[in-house]
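Q: Have a look at this prediction, sequence included:
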Amino acid sequence: MRDKIIIVDDDEDSRKLLVQYLTKHGLEVISCSYNNHDHDTLEMFYSHDPDLIILDLSTPRLAGLELCAEVRKVSDVPILFMSYHSDDYIKISAFNLGGDDYISKPLSYDVFHARIKALIRRNRRAFPVNQRHLLHFPGLEVNLSTHCVISYGKEAILSTKEFQLLVILAKNPNRVFHTEALYDLVWRDNKLGDVRTVMVHIYNLRQKIELRPNKPLYIHTVRGAGYKFNGAVSLGAIETQSETFS
(Lines give C-alpha, C1' and ligand atoms only; values in the text may rest on other atoms or scores of the structure.)
Protein backbone atom coordinates (compact mmCIF):
# COMPACT_ATOMS: atom_id res chain seq x y z
CA MET A 1 0.00 0.00 0.00
CA ARG A 2 1.36 3.42 -0.96
CA ASP A 3 1.84 6.14 1.64
CA LYS A 4 -0.85 8.79 1.32
CA ILE A 5 -0.26 12.51 1.71
CA ILE A 6 -2.37 15.66 1.42
CA ILE A 7 -0.90 18.89 -0.01
CA VAL A 8 -2.62 22.23 0.60
CA ASP A 9 -1.15 25.08 -1.45
CA ASP A 10 -2.72 28.04 -3.27
CA ASP A 11 -0.01 28.03 -5.96
CA GLU A 12 -1.61 25.73 -8.53
CA ASP A 13 1.50 25.37 -10.70
CA SER A 14 3.71 24.53 -7.74
CA ARG A 15 1.10 22.10 -6.45
CA LYS A 16 0.86 20.27 -9.77
CA LEU A 17 4.65 19.88 -9.99
CA LEU A 18 4.78 18.48 -6.47
CA VAL A 19 1.97 16.03 -7.19
CA GLN A 20 3.72 14.82 -10.35
CA TYR A 21 7.07 14.40 -8.60
CA LEU A 22 5.75 12.65 -5.49
CA THR A 23 3.38 10.39 -7.45
CA LYS A 24 6.32 9.37 -9.63
CA HIS A 25 8.14 8.39 -6.43
CA GLY A 26 5.38 6.08 -5.26
CA LEU A 27 3.24 8.30 -3.06
CA GLU A 28 -0.53 8.69 -3.27
CA VAL A 29 -1.14 12.44 -3.34
CA ILE A 30 -4.35 14.39 -2.76
CA SER A 31 -4.10 18.16 -3.24
CA CYS A 32 -6.23 21.26 -2.87
CA SER A 33 -5.93 25.00 -2.23
CA TYR A 34 -6.88 27.15 0.73
CA ASN A 35 -9.45 28.75 -1.53
CA ASN A 36 -11.65 25.82 -0.58
CA HIS A 37 -13.63 26.45 2.57
CA ASP A 38 -11.62 25.35 5.60
CA HIS A 39 -14.24 22.81 6.60
CA ASP A 40 -13.99 21.18 3.14
CA THR A 41 -10.25 20.72 3.67
CA LEU A 42 -10.86 19.14 7.06
CA GLU A 43 -13.52 16.87 5.61
CA MET A 44 -10.92 15.76 3.05
CA PHE A 45 -8.58 14.97 5.95
CA TYR A 46 -11.27 12.88 7.66
CA SER A 47 -12.12 11.08 4.40
CA HIS A 48 -8.59 10.17 3.29
CA ASP A 49 -6.84 9.53 6.63
CA PRO A 50 -3.41 10.56 5.28
CA ASP A 51 0.03 9.45 6.50
CA LEU A 52 1.30 13.05 6.26
CA ILE A 53 -0.02 16.56 5.56
CA ILE A 54 1.96 19.26 3.73
CA LEU A 55 0.84 22.84 4.34
CA ASP A 56 2.11 25.88 2.46
CA LEU A 57 2.60 29.10 4.42
CA SER A 58 3.17 31.47 1.55
CA THR A 59 -0.30 33.01 1.51
CA PRO A 60 -0.62 36.36 3.33
CA ARG A 61 -3.31 35.13 5.71
CA LEU A 62 -1.24 32.12 6.84
CA ALA A 63 -4.23 29.79 6.67
CA GLY A 64 -1.88 26.82 7.08
CA LEU A 65 -1.32 27.72 10.74
CA GLU A 66 -5.07 27.73 11.36
CA LEU A 67 -5.53 24.41 9.60
CA CYS A 68 -2.64 22.86 11.53
CA ALA A 69 -4.24 23.90 14.82
CA GLU A 70 -7.56 22.33 13.79
CA VAL A 71 -5.97 19.04 12.69
CA ARG A 72 -3.97 18.81 15.93
CA LYS A 73 -7.19 18.75 17.91
CA VAL A 74 -8.04 15.34 16.46
CA SER A 75 -4.87 13.77 15.07
CA ASP A 76 -1.11 13.21 15.52
CA VAL A 77 -0.54 12.84 11.77
CA PRO A 78 2.85 14.38 10.77
CA ILE A 79 2.57 17.94 9.41
CA LEU A 80 5.28 19.41 7.18
CA PHE A 81 5.25 23.14 6.45
CA MET A 82 6.80 24.71 3.36
CA SER A 83 7.15 28.43 2.78
CA TYR A 84 9.05 31.34 1.26
CA HIS A 85 8.83 33.05 4.66
CA SER A 86 12.20 33.45 6.37
CA ASP A 87 10.78 35.07 9.51
CA ASP A 88 11.71 33.02 12.59
CA TYR A 89 8.43 34.05 14.24
CA ILE A 90 6.45 32.26 11.52
CA LYS A 91 8.57 29.13 11.88
CA ILE A 92 8.23 29.12 15.67
CA SER A 93 4.45 29.57 15.36
CA ALA A 94 4.32 26.61 12.98
CA PHE A 95 6.12 24.37 15.46
CA ASN A 96 4.19 25.64 18.47
CA LEU A 97 0.89 24.83 16.76
CA GLY A 98 1.95 21.23 16.15
CA GLY A 99 4.05 21.23 13.00
CA ASP A 100 6.70 18.51 12.79
CA ASP A 101 9.05 19.99 10.19
CA TYR A 102 9.59 23.12 8.10
CA ILE A 103 11.27 23.41 4.72
CA SER A 104 12.02 26.64 2.86
CA LYS A 105 11.15 27.41 -0.73
CA PRO A 106 12.40 27.14 -3.40
CA LEU A 107 12.42 23.41 -2.75
CA SER A 108 15.06 20.84 -3.48
CA TYR A 109 12.67 18.05 -4.50
CA ASP A 110 15.07 15.30 -3.45
CA VAL A 111 15.52 16.81 0.03
CA PHE A 112 11.77 17.41 0.24
CA HIS A 113 11.08 13.76 -0.57
CA ALA A 114 13.65 12.64 2.01
CA ARG A 115 11.98 14.79 4.69
CA ILE A 116 8.60 13.25 3.87
CA LYS A 117 9.93 9.70 4.13
CA ALA A 118 11.69 10.50 7.41
CA LEU A 119 8.55 11.96 8.99
CA ILE A 120 6.37 9.02 7.94
CA ARG A 121 9.01 6.53 9.13
CA ARG A 122 9.33 8.27 12.51
CA ASN A 123 5.55 8.31 12.96
CA ARG A 124 5.33 4.61 12.10
CA ARG A 125 7.87 3.80 14.81
CA ALA A 126 5.90 5.84 17.36
CA PHE A 127 2.54 4.43 16.25
CA PRO A 128 2.78 0.87 14.88
CA VAL A 129 0.59 0.13 11.86
CA ASN A 130 -1.75 -2.09 13.85
CA GLN A 131 -2.26 0.60 16.53
CA ARG A 132 -1.91 4.07 15.05
CA HIS A 133 -5.51 4.31 13.88
CA LEU A 134 -6.96 2.98 17.13
CA LEU A 135 -7.99 4.70 20.35
CA HIS A 136 -8.19 2.13 23.14
CA PHE A 137 -9.99 2.60 26.44
CA PRO A 138 -11.40 -0.05 28.80
CA GLY A 139 -14.63 -1.18 27.18
CA LEU A 140 -14.29 1.17 24.20
CA GLU A 141 -12.33 1.09 20.93
CA VAL A 142 -12.42 3.81 18.26
CA ASN A 143 -10.95 3.08 14.82
CA LEU A 144 -10.00 6.38 13.20
CA SER A 145 -9.48 4.74 9.81
CA THR A 146 -12.72 2.78 9.44
CA HIS A 147 -14.85 4.97 11.77
CA CYS A 148 -15.84 1.76 13.56
CA VAL A 149 -16.64 2.11 17.27
CA ILE A 150 -16.80 -0.94 19.53
CA SER A 151 -18.45 -0.38 22.89
CA TYR A 152 -18.64 -3.23 25.41
CA GLY A 153 -17.90 -5.74 22.65
CA LYS A 154 -20.61 -4.50 20.28
CA GLU A 155 -20.41 -2.14 17.33
CA ALA A 156 -21.98 1.26 17.96
CA ILE A 157 -23.40 2.85 14.82
CA LEU A 158 -22.64 6.56 14.99
CA SER A 159 -23.54 9.43 12.70
CA THR A 160 -20.70 11.47 11.19
CA LYS A 161 -21.17 14.28 13.70
CA GLU A 162 -21.38 11.89 16.64
CA PHE A 163 -18.15 10.23 15.52
CA GLN A 164 -16.39 13.59 15.13
CA LEU A 165 -17.47 14.64 18.62
CA LEU A 166 -16.25 11.35 20.08
CA VAL A 167 -12.87 11.61 18.35
CA ILE A 168 -12.29 15.20 19.47
CA LEU A 169 -13.08 14.32 23.07
CA ALA A 170 -11.30 10.94 23.15
CA LYS A 171 -8.14 12.34 21.52
CA ASN A 172 -7.96 14.89 24.33
CA PRO A 173 -8.85 12.95 27.49
CA ASN A 174 -9.65 15.03 30.58
CA ARG A 175 -9.61 18.28 28.59
CA VAL A 176 -12.77 20.32 29.04
CA PHE A 177 -14.35 21.50 25.78
CA HIS A 178 -16.87 24.29 26.02
CA THR A 179 -20.10 23.63 24.15
CA GLU A 180 -19.41 26.56 21.82
CA ALA A 181 -15.93 25.20 21.01
CA LEU A 182 -17.32 21.79 20.10
CA TYR A 183 -19.94 23.43 17.92
CA ASP A 184 -17.29 25.46 16.08
CA LEU A 185 -15.15 22.36 15.52
CA VAL A 186 -17.89 20.06 14.24
CA TRP A 187 -20.42 22.46 12.70
CA ARG A 188 -17.98 25.03 11.32
CA ASP A 189 -19.99 25.16 8.08
CA ASN A 190 -23.09 26.39 9.89
CA LYS A 191 -22.08 29.32 12.05
CA LEU A 192 -25.69 30.47 12.39
CA GLY A 193 -26.92 27.23 13.90
CA ASP A 194 -27.93 26.49 17.47
CA VAL A 195 -25.18 25.32 19.83
CA ARG A 196 -27.81 23.26 21.64
CA THR A 197 -27.40 20.72 18.85
CA VAL A 198 -24.16 19.72 20.63
CA MET A 199 -26.17 18.67 23.68
CA VAL A 200 -28.53 16.63 21.52
CA HIS A 201 -25.65 14.83 19.81
CA ILE A 202 -23.87 14.19 23.12
CA TYR A 203 -27.10 12.70 24.46
CA ASN A 204 -27.42 10.42 21.41
CA LEU A 205 -23.74 9.50 21.61
CA ARG A 206 -24.10 8.44 25.23
CA GLN A 207 -27.09 6.30 24.32
CA LYS A 208 -24.87 4.42 21.87
CA ILE A 209 -21.57 4.00 23.75
CA GLU A 210 -22.44 4.12 27.45
CA LEU A 211 -23.77 1.12 29.35
CA ARG A 212 -25.77 3.46 31.58
CA PRO A 213 -26.24 6.73 29.68
CA ASN A 214 -27.70 8.48 32.74
CA LYS A 215 -24.46 7.69 34.62
CA PRO A 216 -21.84 7.95 31.87
CA LEU A 217 -18.33 6.61 32.35
CA TYR A 218 -16.76 8.10 29.23
CA ILE A 219 -18.30 11.48 28.42
CA HIS A 220 -18.74 13.67 31.47
CA THR A 221 -20.63 16.92 31.72
CA VAL A 222 -18.65 19.71 33.36
CA ARG A 223 -21.33 21.90 34.85
CA GLY A 224 -21.24 25.46 33.57
CA ALA A 225 -18.48 24.66 31.08
CA GLY A 226 -19.03 21.80 28.65
CA TYR A 227 -17.85 18.23 28.27
CA LYS A 228 -14.76 16.10 28.73
CA PHE A 229 -13.75 12.52 28.02
CA ASN A 230 -12.82 10.56 31.13
CA GLY A 231 -9.30 9.29 30.48
CA ALA A 232 -9.27 7.29 33.72
CA VAL A 233 -12.05 4.80 33.04
CA SER A 234 -11.17 1.60 34.91
CA LEU A 235 -12.13 -2.01 34.35
CA GLY A 236 -13.44 -2.03 37.92
CA ALA A 237 -15.88 0.78 37.17
CA ILE A 238 -17.05 -1.04 34.05
CA GLU A 239 -17.54 -4.30 35.94
CA THR A 240 -19.50 -2.49 38.66
CA GLN A 241 -21.79 -0.89 36.08
CA SER A 242 -22.20 -4.21 34.27
CA GLU A 243 -23.22 -5.96 37.48
CA THR A 244 -25.70 -3.21 38.30
CA PHE A 245 -27.05 -3.19 34.75
CA SER A 246 -27.55 -6.95 34.69
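A: It's in. Residues are numbered from 1 along each chain as shown.

Q: and the end-to-end length of stretch 186-200?
A: This stretch, stretch 186-200, spans 13 Å end to end (Cα to Cα, to the nearest Å).

Q: For it, give the mean pLDDT please.
A: The average pLDDT within stretch 186-200 is 79.

Q: tell me which residues of the longest helix that the chain contains are tucked away?
A: Identified as the longest helix of the chain according to DSSP state H is helix 109-126. By neighbour count on 16 or more other Cβ atoms under 10 Å, the buried set for helix 109-126 is 112, 113, 115, 116, 119, 120, 123. The way it works is simple: take the backbone N, C-alpha and C, and place the C-beta from them, glycine included.

Q: The first one is in contact with residue 103, isn't it?
A: Yes: at 6.1 Å, residue 112 and residue 103 qualify as touching, with contact defined as Cβ atoms under 8 Å.

Q: shared neighbours, those two?
A: Listed as contacting both residue 112 and residue 103 by Cβ atoms under 8 Å, 6 or more residues apart in numbering are residue 82.

Q: tell me the contacts of the nearest residue to residue 26 once chain neighbours are set aside?
A: Sequence neighbours aside, residue 2 is the residue nearest to residue 26 in space, at 5.8 Å (criterion: Cβ to Cβ, 6 or more residues apart in numbering). By Cβ under 8 Å, 6+ apart, the residues touching residue 2 are 26, 27, 28.

Q: element containing residue 167?
A: Per DSSP states H and E: residue 167 is located in helix 160-170.

Q: list the buried ones in stretch 202-209?
A: Across stretch 202-209, burial judged by 16+ other Cβ under 10 Å covers 202, 204, 205, 206, 208, 209.

Q: can you list the residues that contact it?
A: Here stretch 202-209 makes contact (Cβ under 8 Å, 6+ apart) with 140, 149, 151, 156-159, 162, 165-166, 213, 216, 218-219, 227.

Q: The chain: strands as residue ranges?
A: Here the chain has its strands, by DSSP state E, at 4-8, 28-32, 52-56, 79-83, 101-104, 134-137, 140-143, 149-151, 154-156, 177-178, 219-222, 226-229.

Q: just for the chain, where's the confidence low?
A: Scanning the chain with the threshold set as pLDDT under 70 gives 1, 36-43, 46-47, 59-61, 126-132, 188-192, 234-246.

Q: picking that back up, out of the strands of the chain, which is closest to residue 15?
A: Nearest to residue 15 among these is strand 28-32; the distance by Cβ to Cβ comes to 5.1 Å.

Q: For that closest one, buried residues please.
A: Buried, per 16+ other Cβ under 10 Å, within strand 28-32: 29, 30, 31.

Q: Partner strands of that strand, with direction?
A: strand 4-8 (parallel) (DSSP bridges).

Q: Now do the buried residues in the partner strand.
A: Judged by neighbour count (16+ other Cβ under 10 Å), strand 4-8 contains these buried residues: 5, 6, 7, 8.
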